[in-house]
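Asks: just coords:
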Ligand SMILES: Cc1cc2nc3c(=O)[nH]c(=O)nc-3n(C[C@H](O)[C@H](O)[C@H](O)COP(=O)(O)O)c2cc1C
């Protein structure tokens, strides 16, 4: 029996609307998608949180993230899930930041041995798709089977429950048949 965990990082408080305006939003887009996926596939749900506190101001986060990316900063993870070795299928969610995943995802992925695991990325964004994120994931998780993943338009996620549920269930089906 496959054991599944959905792991995600998401910014709370503010996000971009489809017309690129800053809107208040209690739950981040990736968090909403992660909950839909978790509802579809069961298992565990784990939120990656950063030890550093990002600004509540969207434009400031944009700049902070750019500096982190340019410096290759390994942003500290507040807490890691216990017993990750028990899981063989990992749905991995993050927003697209500057055309890849946020630096905290690099820190998180570098913490574990992923060999033999199946990683299914989902990336929310406002137009850049998955960017270079899957390439960057593959560089880190040697020995894992990294799937193509899905790009979700962040501002639309809340209206996409049915589509996301169907996609997530299909991923489990495909992997079960391999
Ligand atoms: C620091 C930062 C950088 C971003 N860079 C991009 C980008 O390069 N391409 C893109 O399409 N969207 C970009 N976005 C938009 C987010 O990917 C999008 O709003 C996402 O759904 C936010 O997810 P969250 O609410 O879970 O944090 C960026 C947002 C932030 C905060």
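Replies: Perfect, thanks for sending it. Given the structure is predicted, the values throughout are model-derived calculations rather than measurements.
Asks: and stretch 76-90, how far from the chain's centre?
Replies: 13 Å (Cα atoms, centre = their mean, to the nearest Å).
Asks: Show me what counts as buried in that stretch.
Replies: 77, 81, 84, 87, 89, 90 (16 or more other Cβ atoms under 10 Å). Heads up, the C-betas are built off the backbone N, CA and C, glycines and all.
Asks: Tell me which strands the helix or strand of the chain with the lowest mean pLDDT pairs with, and in which orientation.
Replies: One helix or strand of the chain scores below all others by mean pLDDT, DSSP states H and E: strand 13-16, with a mean of 79. Applying DSSP bridges, strand 13-16 is found paired with strand 22-25 (antiparallel).
Asks: I'd like the next helix or strand past the strand it pairs with.
Replies: helix 29-41 (DSSP states H and E).
Asks: Need the max-distance pair from the buried residues of stretch 76-90.
Replies: In terms of Cβ to Cβ, these reach their longest pairwise distance at 77 and 89, which sit 20.9 Å apart.
Asks: Give me the distance between residue 64 and the ligand.
Replies: Distance, residue 64 to the ligand, by Cβ to the nearest ligand atom, to the nearest Å: 7 Å.
Asks: Any figure for the gap between that residue and residue 117?
Replies: Taking Cβ to Cβ, to the nearest Å as the measure, residue 64 falls 31 Å from residue 117.
Asks: same question, residue 17
Replies: The value you get for residue 17 to residue 117, if Cβ to Cβ is used, is 35 Å.
Asks: what's the first-to-last distance across stretch 138-150?
Replies: 15 Å (Cα to Cα, to the nearest Å).
Asks: Can you get me a residue count around the nearest residue to residue 16 once chain neighbours are set aside?
Replies: Spatial nearest neighbour of residue 16, chain neighbours left out: residue 126 (5.3 Å); criterion: Cβ to Cβ, 6 or more residues apart in numbering. Residues near residue 126, counting by other Cβ atoms under 10 Å, number 17.
Asks: What of residue 25?
Replies: 19.
Asks: same question, residue 51
Replies: The number of residues packed near residue 51 is 11, by other Cβ under 10 Å.
Asks: Check it and give its pLDDT.
Replies: Residue 51 is assigned 94 on the pLDDT scale.
Asks: do the same with residue 1
Replies: 60.
Asks: between the buried residues of stretch 76-90, which is nearest the ligand?
Replies: residue 77 (16.1 Å; Cβ to the nearest ligand atom).
Asks: Correct me if wrong: the closest one contacts residue 47.
Replies: No. Counting by Cβ atoms under 8 Å, residue 77 stays clear of residue 47, with 10.8 Å between them.
Asks: gap between residue 134 and the ligand?
Replies: For residue 134, the distance to the ligand - Cβ to the nearest ligand atom - is 14 Å.
Asks: Kind regards, and thank you for your time.
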